[in-house]
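[1] Here is a sequence with its predicted model. Questions after.
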Amino acid sequence: MFKIIRLTEFFLRSLSKKMAVTFFLMTVLLLLVLSVPGVPDAAGREETRDAYVHSGISDARILIPFLADDSVSGSICSYIYNGLTKVDKDLNIVGDLAESWEIEDEGLSITFHLRKGVKWHDGEPFTSRDVRFTYEKILAPETRCPYVSSYADISGISTPDEHTIRFTYKVPYAPALLKFGMGIIPEHLFEKTEEIQRSSYARDPVGTGPYIFSAWENAQYIVLRANEEYFEHVPFIKRYVYKIVPDQSVQFLELISGNIDSIDLNPYQFIYRSNTPEFKERIDKYKYLAHSYTYLGYNNESPIFSDKRVRKALSYAINKEEIIKTVLLGLGEKCSGPFLKGTSYYNKSARTYEYDPIKAAVLLREAGWYDIDGDGILEKEGKEFRIKILTNQGNQVREDAATIVQEQWAKLGVKVEIQVIAWSAFLDQFIEKRDFQVVLLGWTIPIDPDIYAVWHTSSSAPGGLNFVSYSNKEVDRLIEEGRRELKIEKREDIYRKIHELIAEDAPYTFLFFPYATPAVQKRFQGIKPELAGIGYNFIDWYVPEDEVKYRF
Amino acid sequence: MLLGISIIMFAVMHLAPGDPASIRYGMNPEVSQSARSEFNRMYDLDKPVPVQYVLWIKRLIKLDFGRSLIDDRPVIEKIAERLPATLLIQVTSIIMIFCIAIPIGVYSAVRRNSLFDRVSTIIVFIGYATPAFWLALLMIFFFGVKLEWLPISGMSPWYTLYMDNAGRITDLVRHMILPVVATAFGSLAALSRYSRSSMIETMGENYILTARAKGLPRQRIVIVHALRNALLPIVTIMGLTLPALISGSFIIETIFSWPGMGRLGYEAIMTYDYPVVMGVGVIATFLTLFGIMISDILYAVVDPRIRLEKNRG
């Protein structure tokens, strides 16, 4: 703005006086023309109107944020409740119910200063007591909160006044600020309930968020209405509707006929099914990196794969581009480590294992694998190189990727068999018992980079998620350090280093980050895909007056 | 009978590999391990299967079906919520099957080898051979997406919240058409075929010949003499149609997003929600037995020989 004024000034000075006066008058005239009343504001979004109908395949389960362990309940809760913090479009931590905070005693104490004047949907004022109540409930064993381990290091909670709350920690916990994004529940409604999960407010929730709970018809829909007094601003879309459509092909048909405003497309629908003129006319498609990656995990304890050279060779033998092109129809990006591409934790210089069949063959030779009898299959100590890739049923992308890996490894002289198993049996019989050679699976990438649960040696104990039994002392040390380090820059260094070390050890072959590919009806404006996806600014989405579909 | 079925169901369910806790908490790095064991303990899933069964039966005697492992609501409440939607579709379908299949069958039998008979035979065979889910998707695409005559899925969508009662009922009827047709179609084909052959058989009986010889009008012969007798085997078949319809509802309701008991059962199976699977099983078994009983009663209605005879003796 200042720049423009300065430029104008410079421009005016360089003109003669007479011309300057003329110019001035013309500018005034122009401004007058532009500000004639009746010309609508380009956005035209001050008013709240219309409804947004989103759909998913399953119903919500419970609308209490810290008990919601499925994605649908979690997402509905995020419209109704606020946490102390939240993440912005670039996944930075910013205040939500907290205006500001101080971290003291080297991370052992965090003090939040809460927003003033915030009201619960029932009109009661929101105070620090609600925050304390929420976290006391989370920590109480009888609540059985599935996320309790994220708060286990909290040693004390105090409320110096109505708008200040202080948490003290036994040891510094770096992901803490992000974990304070958990939705806060109202003390005045829950204080008398014995069993919080059976409280009536679990299905008729009251929060502070942009939307107020309105109706829930089991197995059919959930309706939320805009909170006219929301502290940021009233959402521009008047109703948020979650419609349950259990069959994905029916979902797509509902989208085309306009009864649903948004669904997540699969690659086939994104590239082919949505290529019709009627689709393009009415529906917008978006794509951005989903917070997940797909990988091949080697059982690091099995005789074949305990040799790092073999794991590396197999990684070099995979053409990730081909997989992305054929399986995802191009809707994904290559992956080299367990952090989200585009964040500062992702190390671009980590080893990427670009497709190099010669290097792969050399490495296998070094590891002692030769084709002695000339049948096209490698042998070592009289045993043929035969492996089995396991993946779960119901995920076409994974099944297809396994088929391509099978073909690519066959070129190297490795005989591969694919076995597709129903999810629960997969977990029970193979993952839990560590009875597998190679699995093709995916992980979601949490916003905080702490990867203790998946990569630390201690997580390879029974029940842990490090089921490939990866173990690297240096990585363990860095993971522990990363959990305690509060300075962002230092944490970034730590996780970049971890990325590099893991890539070097090749316990997985990191395959790809798929794109999230949502489709939304064109009447919704203001959608801007960012690192955080598209939902982060939902309250800013709007529908132009002349395109409104539902009026209330 | 219920007991035997419930033992088989319980055993099969627990024999399937996998368990509810791993379905729910497996592979989620943000969920702590203790949550899993707490979950198992809370729902007695850590006990041996026979003990679990005995506990279940004990509760069932008190009409307590337990609580869902998914959302912790009482199973009986969940079923009670869904049952009316299923019955609405089933009863309407049965009525439709009766009202359409029998006239078609009778007419084709009377006018054997006529154009109507041939066309209906072809349609009936197509109907019999068509998988219901495929027909459902086809109808959705044609009537819902292309012609936009009928709504695609759901029972009473969210916008009915803002309608008056008349509007809601019209909307409900419109939503019912496709699922009812999809449910009825297969059985309709079978039943019309069955009534045709049964009718042909009766038409060849001696008493029909007698009636004809008496010079009775053709219509009277068909409706009074032949149809009554031909109905007997049809009613028996009807009783057996009911279980087929109920099992079909698992798929039809899922495709049409119909909030019925079949879909509840399907989802429960997929999520290893043992108490709900058992609850739905018991209710479905009960409904089937009830349907068979109804058909027995109807049997007595159409056949005076089976009625309890009060006057005699």
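    Nice, I can see it. A quick note: this is a predicted structure, and the numbers were derived from the prediction, not measured.
[2] which one is the closest residue to chain B within the stretch 301-450 of chain A nearest to, not counting chain neighbours?
    Relative to chain B, the nearest point of the stretch 301-450 of chain A is A:Ser424 (2.3 Å; Cβ to the nearest Cβ). Every residue, glycine included, has its C-beta placed from N, CA and C. Distances taken as Cβ to Cβ, 6 or more residues apart in numbering or on different chains place B:Gly18 nearest to A:Ser424, at 2.3 Å, with adjacent residues excluded.
[3] how many neighbours does the one you found have?
    If you count neighbours by other Cβ atoms under 10 Å in any protein chain shown, B:Gly18 ends up with 18.
[4] one step back: pull the number of nearby residues for the residue of the stretch 301-450 of chain A closest to chain B.
    22.
[5] how about it, secondary structure?
    helix (DSSP: H, G, I helix; E, B strand; the rest coil).
[6] and what of B:Thr121?
    Recorded secondary structure, B:Thr121: helix (three-state DSSP).
[7] Setting the sequence-adjacent residues aside, check what's closest to the residue nearest to the spatial centre of chain A.
    In chain A, the centroid-proximal residue (Cα atoms, centre = their mean) is A:His291; its distance is 4.2 Å. Nearest non-adjacent residue to A:His291, counting by Cβ to Cβ, 6+ apart: A:Ile445, 4.6 Å away.
[8] Contact partners for that neighbour?
    A:His291, A:Ser292, A:Tyr293, A:Pro338, A:Phe339, A:Leu340 (Cβ atoms under 8 Å, 6 or more residues apart in numbering or on different chains).
[9] what do you get for A:Tyr508?
    Shown in contact with A:Tyr508 (Cβ under 8 Å, 6+ apart): A:Tyr295, A:Leu296, A:Gly297, A:Tyr298, A:Val468, A:Ile502.
[10] for B:Ile7, same thing?
    Counting by Cβ under 8 Å, 6+ apart, the residues that B:Ile7 touches are B:Tyr53.
[11] What segments of the stretch 1-150 of chain B are helices?
    Taking DSSP state H, counting those that start in this stretch as the test, the helices found in the stretch 1-150 of chain B are B:2-15, B:20-25, B:33-42, B:49-61, B:75-110, B:115-129, B:132-139.
[12] Make JSON lines out of these and add distance to B:Arg305 and mean pLDDT.
    Shown next, in JSON lines, are these (distance: least, Cβ to Cβ, whole Å; pLDDT from 0 to 100):
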{"stretch": "helix B:2-15", "distance to B:Arg305": "31", "mean pLDDT": "84"}
{"stretch": "helix B:20-25", "distance to B:Arg305": "53", "mean pLDDT": "78"}
{"stretch": "helix B:33-42", "distance to B:Arg305": "57", "mean pLDDT": "79"}
{"stretch": "helix B:49-61", "distance to B:Arg305": "39", "mean pLDDT": "88"}
{"stretch": "helix B:75-110", "distance to B:Arg305": "21", "mean pLDDT": "89"}
{"stretch": "helix B:115-129", "distance to B:Arg305": "31", "mean pLDDT": "84"}
{"stretch": "helix B:132-139", "distance to B:Arg305": "37", "mean pLDDT": "87"}
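[13] Restricted to helices, list the contacts of A:Tyr508.
    Here DSSP state H is the test, and those give A:Ile502 as lying in helices.
[14] Now pLDDT too, for the contacts of A:Tyr508, in CSV please.
    CSV is the format used below for the contacts of A:Tyr508 (pLDDT from 0 to 100):
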residue, pLDDT
A:Tyr295, 96
A:Leu296, 95
A:Gly297, 95
A:Tyr298, 95
A:Val468, 93
A:Ile502, 96
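[15] quick one: what helix or strand has A:Lys238 in it?
    Secondary structure from DSSP states H and E places A:Lys238 in strand A:237-244.
[16] Past that strand, which element shows up next along the chain?
    Beyond strand A:237-244 toward the C-terminal end (DSSP H and E), the next one is helix A:248-256.
[17] list the contacts for residue 128?
    No chain in the question, so chain A it is. Applying Cβ under 8 Å, 6+ apart, we find A:Ser128 in contact with A:Leu114, A:Thr159, A:Asp161, A:Glu162, A:His163, A:Thr164, A:Ile165.
[18] wait, I meant chain B there
    B:Gly186, B:Ala189, B:Ala190, B:Arg193.
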